[in-house]
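Colleague: generate coordinates for the sequence data below:
(chains A, B, C and D)
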Number of protein chains: 2
Amino acid sequence: MSQMQNVERQLREMILGLEIGPGERLTERWIESRFGASRTPVRAALLRLETEGLVGRDGRGWTVAPINLAELGQIAVYREAVEVAAVRLTAALEDRSGIDVIAAMLDSCDIETPREEWHRVGMDFHIELARLSGNEFLLRAVRDAMTRLSRARWLEVRDEKALGRAWAEHHAILAAVRAGHADEAARLLSDHIAGSRDRLVASLHDDRRGLRARGFAVVAA
Amino acid sequence: MSQMQNVERQLREMILGLEIGPGERLTERWIESRFGASRTPVRAALLRLETEGLVGRDGRGWTVAPINLAELGQIAVYREAVEVAAVRLTAALEDRSGIDVIAAMLDSCDIETPREEWHRVGMDFHIELARLSGNEFLLRAVRDAMTRLSRARWLEVRDEKALGRAWAEHHAILAAVRAGHADEAARLLSDHIAGSRDRLVASLHDDRRGLRARGFAVVAA
DNA sequence: GATACCAGTTTGGGATACCAAACTGGTATC
DNA sequence: GATACCAGTTTGGTATCCCAAACTGGTATC
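Modeller: Below is the predicted model:
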């Protein structure tokens, strides 16, 4: 594993895990000493994370991307477009057995499962569903969107009822795809994404003072 | 203008302009001497062009991305999803006056216009149409798709009839969006993209021997 | 007290030196 | 003639050094 990949992976995990807060300033020298790498791989890692939208430039200098409520709305529109396209492709396939693997993944979560695992599975559901389409670009788009949503979803206040509803909606989507009902799957997926966005933005909007108190930059919608 | 931006821009232009052929090997030292910059900005530029899909890694080492016919098909599906979503958003806007600017851009091309300009306008049409939606992610996706299609479209053998048909289809799409007919605009755009893909892939498939004779790597569908 | 200014420090951009792995071309061996 | 092998070269990965611009904190001036 090269130093560049090391720094990139660890820095991404620190950002997604909120160990470095949204809006925080980053200096190449701090990262250098933090990970024991020189500035060359550090700069390469920052350039990659910039294209993922996890870090941005602040004039000269780097900052961790803030939580941006307006952006969350735009991402919802974007992912709806690509996820619906992917699901329609998948519903038209002859071999849709990949669905069962995703269903099993959903079922691996129960009341005992830690929140972190629910979070991961909730994102992987959409990524793996897009993968079934066989289209690299749709898959990449969904993965990119989920990465950008990851921190916001982690900060969202979700009760068990919300988790259960999402779980049921995911299963309903799979059932429609499995049956080859493209229109129904598309409708269910659209509704799921819209509802998910509404709850997410509402939760973060209500919580924005608390988030800012934790030192997290939150850009209003 | 920083050296990194300089190298990135010039190298991108050389690749898109086919001054460096698809599949060709690149060495950091050659780029360094070619543009009079040191390896630091050269590496930064390569990392960015890698995310654009214009260069890729070949084990150790860099290569200009080959022309990939299978990829062209996947990109068509991807751009149809995002462009249709963008056009539906735009058709639902109250202020759709931006349409007129795009129409004027189309009309700036006539029989005297050099082929290079037709090529640019043909791509900018789709990019500017996506921009009107106001969604940054849809815009970025369309821009990315057009960048990846650029070289293939340049290599496509297009007669004047084909150019005229594309021009007419573009105007028809604009008219539907201007009238607020989202479904019609979506249908016209879908058909336009599918037809464009079919002609593109067919042309390159027929020409693949000639392309390879010019030293261009062409990956079959 | 407000402000303009200045020296010292920090920071990203760039250039260069060094290294290990991969590649190349030739040679010795069978 | 084919092949295994070895020294020399190339190349990307990394560390380090230098620089100019931006920032900081304090001070002198009004």
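
Colleague: ok, now which ones touch the residue nearest the centre of chain A?
Modeller: By C-alpha atoms, centre = their mean, the mean C-alpha position of chain A lies nearest to A:Met146, the distance being 2.3 Å. A:Met146 is in contact with A:Arg79, A:Met123, A:His126, A:Ile127, counting by C-beta atoms under 8 Å, 6 or more residues apart in numbering or on different chains. All C-beta atoms are positioned from the backbone trio N, CA, C, and that covers glycine.

Colleague: hang on, the last one packs against A:Val142?
Modeller: Going back to what we said before, that points to A:Ile127. Yes - with contact defined as C-beta atoms under 8 Å, A:Ile127 counts as touching A:Val142 (5.7 Å).

Colleague: the more surrounded of these two?
Modeller: Using other C-beta atoms under 10 Å in any protein chain shown as the criterion, A:Ile127 and A:Val142 rank with A:Val142 on top: 23 against 17.

Colleague: got the contact list for the more buried one?
Modeller: A:Arg79, A:Val82, A:Glu83, A:Ala86, A:His126, A:Ile127, A:Leu129, A:Ala130.

Colleague: residues from chain A in reach of chain B?
Modeller: Within chain A, the positions near chain B by C-beta under 8 Å from any C-beta of the partner chain are A:40, A:43-44, A:47-48, A:51, A:71, A:74-75, A:77-78, A:80-82, A:84-85, A:89, A:135-138, A:141, A:145.

Colleague: only the buried subset of the residues you listed, as a PyMOL command please.
Modeller: Selection of the buried residues among the residues of chain A next to chain B in PyMOL, burial being defined by 16 or more other C-beta atoms under 10 Å in any protein chain shown:
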select buried, chain A and resi 40+43+44+47+48+71+74+75+77+78+80+81+82+84+85+89+135+137+138+141+145
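
Colleague: quick check: which of the residues of chain A next to chain B are also close to DNA strand D?
Modeller: With C-beta under 7 Å from any atom of the strand as the criterion, those include A:Thr40, A:Ala44 near DNA strand D.

Colleague: in helices only, show me the residues of chain A next to chain B.
Modeller: Those of the residues of chain A next to chain B mapping onto helices are A:40, A:43-44, A:47-48, A:51, A:71, A:74-75, A:77-78, A:80-82, A:84-85, A:89, A:136-138, A:141, A:145, per DSSP state H.

Colleague: name the nearest of the contacts of A:Val142 relative to A:Gly164.
Modeller: A:Gly164 has its nearest neighbour among those in A:His126, at 17.6 Å by C-beta to C-beta.

Colleague: now the host helix or strand of the closest one, how far from the chain's geometric center?
Modeller: A:His126 is part of helix A:115-132, with elements assigned from DSSP states H and E. Remark: helix A:115-132 is offset 9 Å from the chain centroid, using C-alpha atoms, centre = their mean, to the nearest Å.

Colleague: show me which residues of stretch A:57-76 are buried.
Modeller: For stretch A:57-76, by 16+ other C-beta under 10 Å, it's A:62-69, A:71-76.

Colleague: can I get the residues you listed in JSON lines with distance to B:Met4 and pLDDT?
Modeller: Listed next are those as JSON lines, based on distance: C-beta to C-beta, whole Å; pLDDT from 0 to 100:
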{"residue": "A:Trp62", "distance to B:Met4": "15", "pLDDT": "97"}
{"residue": "A:Thr63", "distance to B:Met4": "19", "pLDDT": "97"}
{"residue": "A:Val64", "distance to B:Met4": "21", "pLDDT": "97"}
{"residue": "A:Ala65", "distance to B:Met4": "21", "pLDDT": "97"}
{"residue": "A:Pro66", "distance to B:Met4": "25", "pLDDT": "97"}
{"residue": "A:Ile67", "distance to B:Met4": "29", "pLDDT": "97"}
{"residue": "A:Asn68", "distance to B:Met4": "26", "pLDDT": "97"}
{"residue": "A:Leu69", "distance to B:Met4": "32", "pLDDT": "97"}
{"residue": "A:Glu71", "distance to B:Met4": "26", "pLDDT": "97"}
{"residue": "A:Leu72", "distance to B:Met4": "31", "pLDDT": "98"}
{"residue": "A:Gly73", "distance to B:Met4": "32", "pLDDT": "98"}
{"residue": "A:Gln74", "distance to B:Met4": "28", "pLDDT": "98"}
{"residue": "A:Ile75", "distance to B:Met4": "28", "pLDDT": "98"}
{"residue": "A:Ala76", "distance to B:Met4": "33", "pLDDT": "98"}
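
Colleague: pretty sure A:Val101 contacts A:Glu128?
Modeller: Yes - contact criterion C-beta under 8 Å: A:Val101 and A:Glu128 qualify, at 7.4 Å.

Colleague: anything in contact with each of these two?
Modeller: In contact with both A:Val101 and A:Glu128: no residue, using C-beta under 8 Å, 6+ apart.

Colleague: looking at these two, which is more packed in?
Modeller: With neighbours defined as other C-beta under 10 Å, A:Val101 and A:Glu128 compare such that A:Glu128 has more, 17 against 10.

Colleague: what does the model give the more buried one for pLDDT?
Modeller: A:Glu128 carries a pLDDT value of 98.

Colleague: where's it relative to chain B, distance?
Modeller: A:Glu128 sits at a distance of 18 Å from chain B (criterion: C-beta to the nearest C-beta, to the nearest Å).

Colleague: closest one of the buried residues of stretch A:57-76 to chain B?
Modeller: Proximity of those to chain B (C-beta to the nearest C-beta) peaks at A:Gln74, which lies at 5.0 Å.

Colleague: hang on, the closest one packs against B:Ser133?
Modeller: No - taking contacts as C-beta under 8 Å, A:Gln74 lies outside contact range of B:Ser133: 9.6 Å.

Colleague: for A:Leu174, give me its contacts.
Modeller: Shown in contact with A:Leu174 (C-beta under 8 Å, 6+ apart): A:Ile99, A:Ile102, A:Ala103, A:Leu106, A:Leu129.

Colleague: next helix or strand past the helix or strand hosting it?
Modeller: Using DSSP H and E, the element containing A:Leu174 is helix A:160-178. Counting by DSSP H and E, the element after helix A:160-178 in chain order, helix or strand, is helix A:182-206.

Colleague: need the contact list for A:Thr147.
Modeller: For A:Thr147, the contacting residues are A:Leu16, A:Glu52, A:Gly53, A:Leu54, by C-beta under 8 Å, 6+ apart.

Colleague: what's the answer for A:Leu204, then?
Modeller: Each residue near A:Leu204 by C-beta under 8 Å, 6+ apart is listed here: A:Ile67, A:Leu69, A:Leu72, A:Ala152, A:Leu155, A:Glu156, A:Leu211, A:Val218.

Colleague: burial of the fifth one, as a residue count?
Modeller: By the criterion of other C-beta under 10 Å, A:Leu155 has 20 neighbours.

Colleague: and it, how far from A:Ala70?
Modeller: Distance of A:Leu155 to A:Ala70, computed by C-beta to C-beta, to the nearest Å: 16 Å.
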